[in-house]
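S.K.: Here is my input, please return the structure:
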Amino acid sequence: ALPARRRRGRFGPFVGGLRDLKVGDYVVHADHGIGQFVGLRTVAPAGGDEHLPPILRAAAPVPALESEVLELAYAAGRRLLVPIDRLHLIQKYGGIESLTPRLDQLGGASWNRTRERVRRALRDMTQELLRLYAERQLARAPILAGDTDLERQFAAAFPYEETPDQAEAIVTILADLEQAKPMDRLLCGDVGFGKTEVAMRAAFRAVDSGHQVAVLAPTTILADQHLERFEERFRGFGVVIERLSRLRTGKDLAELLARVADGRVDVLVGTHRVLSKDVAFRRLGLVVVDEEQRFGVAQKERLKHLRRDVHVLAMSATPLPRTLQLSLGGLRDISVIETPPKDRMAIETAVLPHSDELVREAIEFELGRGGQVYYVYNRVESIDEFAGRLRDLVPGLRVVVGHGQLDERELYRRMHAFTAREYDLLLASTIIENGIDIPTVNTMIVHHAERFGLSQLYQLRGRVGRSRELGYCYLLVPGDRVLTQDARKRLEALREFTELGAGFRIAARDLEIRGAGNLLGAEQSGHIAELGIETYLRLLEDTVRELRGEAVAEGPSAALDLPVPMSIPRSYISDENLRMEIYRKLAAAEVPREELLAELADRFGRPPAAVEALLDVAALKREAEALRVQAISAAEGRLTIRLRRDARVDVDRLIRFVSTRPGAAFSPTGVLTLPLPRGQGVVA
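M.R.: The predicted model follows:
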């Protein structure tokens, strides 16, 4: 049995999203759009708000008792005060890195227009996804059952212990292959977390079932790496593996294509050349695609055609928001590997001013432990000159240069020579960002790191520390120049998130947007930038449900206006961001009262009465929303409960109940009023 794992809740990645909210950060309010966080503030009881500026008093009704509220700034200097029980309507803006969003007009129509336009685009995209999904349900692919004894031998030959996520993905994918409908699964995982092993288990099943496998990579270098890995892993099992590339020509190519056509090649590895019309398989059963988003439009169309009658496993190292996985439930099957390999160590990351002495020490340290070095230098016009500087700096250093402007054959030759350890240091542009895996390279130096985006730096850093050696990443910045605030934030975030699998938790949403864009297309990335990631995903989820004929959650949640102080005492939780985190959990009303009470006691000690009252209000809100209650308020000794038209209440029983309670009333419009006993708590 697989080890039990604690799964995050539906909006797990976002509930904690306000924890690191800082003054000046952009947020998205579900009803009012993009604003800027000004801070938490305490507001006085009704009638006692004279100390507030007029613009604040006019922006929102002040709660009945002293409470903490979030203050947000909108266009034209307008402010919005958000009570903590409405905090679930707010999320940190996740937009494209370095792009400053425009503040919305408070009360204006632009936010609703933008949301409606995106909703229409989502509807079109989702209808296409549903059509493809329906076609796939009707299509037929070969059932790949395999020989369990041989599979056990192949699994036993894996020199490491599978991580829980790996084991789960393997079980799921092998089960997919046993179905008559074609598999179309996306396997997502951080760099070096073992996606290729999962793909090889699927490939072995296909070959063992008498079918052929095509393995596609976006670049020649990546295809070579897959070939080496497959050959090493399948050694001794009698599987014929070949490599198809543009470098193969004439008689050699014709012979290979003939062997593929008559089934004498089991696994064919290559770039998009494998998708060419002259490549015909005898019994193609599985296609493995690495980094599909990097293929061109024509290749993607060919893959779409293949998906109709063969099994397809796509792999991506770009992190994908878990909420997006859930939003697309059933439209695209997704497996995620988040757990790191057992002996994998986090990468030591340092942001340092550039100096020749530091560069020399870093290179000599790595060479001294028998390793190699990546040096990322992104100015092709002066890269050869810089190579000379490095050779002067470290006498005897064997430097090879690699960049995208080199002839493909020459780049291939140089990369192969570096992999074969003919050189000590690869001085390269960002061509090494995706997929290059050389276990002997465990030091990376990034020149002018402030010029790179956070996601790019994260992907680059993942190229080192792939073996059991501790990896080092030096992010070098000019020592004589002041960095922009954006650049400083990016570098600090990367240094902070050194733990393994951080790609799924990294504070900046740039990675998530890239993941969403890769899966859904460039146009959708633009929509995400307009709305922020969470608002976009909620719209997407609602659209999918609507088109499938499922119920879509009603708009506003239950509004509560009760004489309870809506604040956590500073004496209990002094940190403002931690208070916001708890407020948001209370507002979302998704965690049961006792569970949240236990969490608070564990983290901060026994909660005071004021906090327990807040928990009671949250529990009441949860029950009210389950019954589809619109609002609950208490004033002048009376409790008023306003029901929605579709409230889940037995009206006949309610009328009988009211008839037995002196002072109670129930109106035809669905408003229930009850007298409150003196001294009785509202939420008792």
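S.K.: Residue ranges in the stretch 401-550 of the chain under the pLDDT threshold?
M.R.: 433-435, 454-455, 467, 480-486, 489-490, 492-525, 533 (pLDDT under 70).
S.K.: need the helix or strand of this structure with the lowest average pLDDT.
M.R.: helix 12-15 (a mean of 33; mean pLDDT, DSSP states H and E).
S.K.: Using the record's assignment, carve this structure into domains.
M.R.: 143-337, 348-499, 559-675 (automatic domain parsing).
S.K.: pLDDT score for residue 149?
M.R.: On the pLDDT scale, residue 149 is placed at 90.
S.K.: element containing the closest residue to residue 582 other than its chain neighbours, please.
M.R.: Using CB to CB, 6 or more residues apart in numbering and skipping residues adjacent in sequence, the residue nearest residue 582 is residue 568, 6.3 Å away. Any C-beta I mention is one placed from the backbone N, CA and C, and that applies to glycine too. Assigned by DSSP states H and E, residue 568 falls within no helix or strand.
S.K.: For residue 568, grab phi and psi.
M.R.: phi -100, psi 120 (degrees, to the nearest 10).
S.K.: Now tell me what touches whichever helix or strand comes after the least confident helix or strand of the chain from outside.
M.R.: Where DSSP H and E defines the elements, the next helix or strand beyond helix 12-15 is strand 26-29. Residues external to strand 26-29 that are found in contact with it (CB atoms under 8 Å, 6 or more residues apart in numbering): 21, 34-37, 72, 80, 82, 89-93, 95, 100-101, 531-532, 534-535.
S.K.: Can you list the strands that strand 26-29 pairs with?
M.R.: strand 33-43 (antiparallel), strand 90-92 (antiparallel) (DSSP bridges).
S.K.: Send me it as CSV with only the CA atoms.
M.R.: The C-alpha coordinates for strand 26-29 follow below in CSV (Å, rounded to 0.1, in the frame of the first residue of the first chain):
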residue,chain,number,x,y,z
TYR,A,26,-1.7,44.0,-5.6
VAL,A,27,-4.8,42.0,-4.7
VAL,A,28,-8.0,41.0,-6.5
HIS,A,29,-11.4,41.5,-4.9
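S.K.: Tabulate the strands paired with strand 26-29 (TSV), appending distance to residue 210 and mean pLDDT.
M.R.: Formatted as TSV, these follow (distance: least, CB to CB, whole Å; pLDDT from 0 to 100):
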stretch	distance to residue 210	mean pLDDT
strand 33-43	56	88
strand 90-92	50	81
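S.K.: Of those strands, which is nearest residue 295?
M.R.: Among the strands paired with strand 26-29, the nearest to residue 295 by CB to CB is strand 90-92 (32.7 Å).
S.K.: Remind me what the helix or strand hosting residue 616 packs against, helices and strands.
M.R.: Following DSSP H and E, one finds residue 616 within helix 609-626. Judged by 3 or more CB pairs under 8 Å, 6 or more residues apart in numbering; DSSP states H and E, the packing partners of helix 609-626 are strand 559-561, helix 576-588, helix 593-604.
S.K.: thinking again about what came up before, can you list the domains of the chain in JSON lines and add mean neighbour count and distance to residue 541?
M.R.: Formatted as JSON lines, the domains of the chain follow (neighbours: other CB atoms under 10 Å; distance: least, CB to CB, whole Å):
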{"stretch": "domain 143-337", "mean neighbour count": "19", "distance to residue 541": "4"}
{"stretch": "domain 348-499", "mean neighbour count": "18", "distance to residue 541": "24"}
{"stretch": "domain 559-675", "mean neighbour count": "16", "distance to residue 541": "15"}
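S.K.: May I see the ones you listed organised as a markdown table, with distance to residue 131 added?
M.R.: Below are the domains of the chain laid out as a markdown table (distance: least, CB to CB, whole Å):
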| stretch | distance to residue 131 |
| --- | --- |
| domain 143-337 | 10 |
| domain 348-499 | 31 |
| domain 559-675 | 31 |
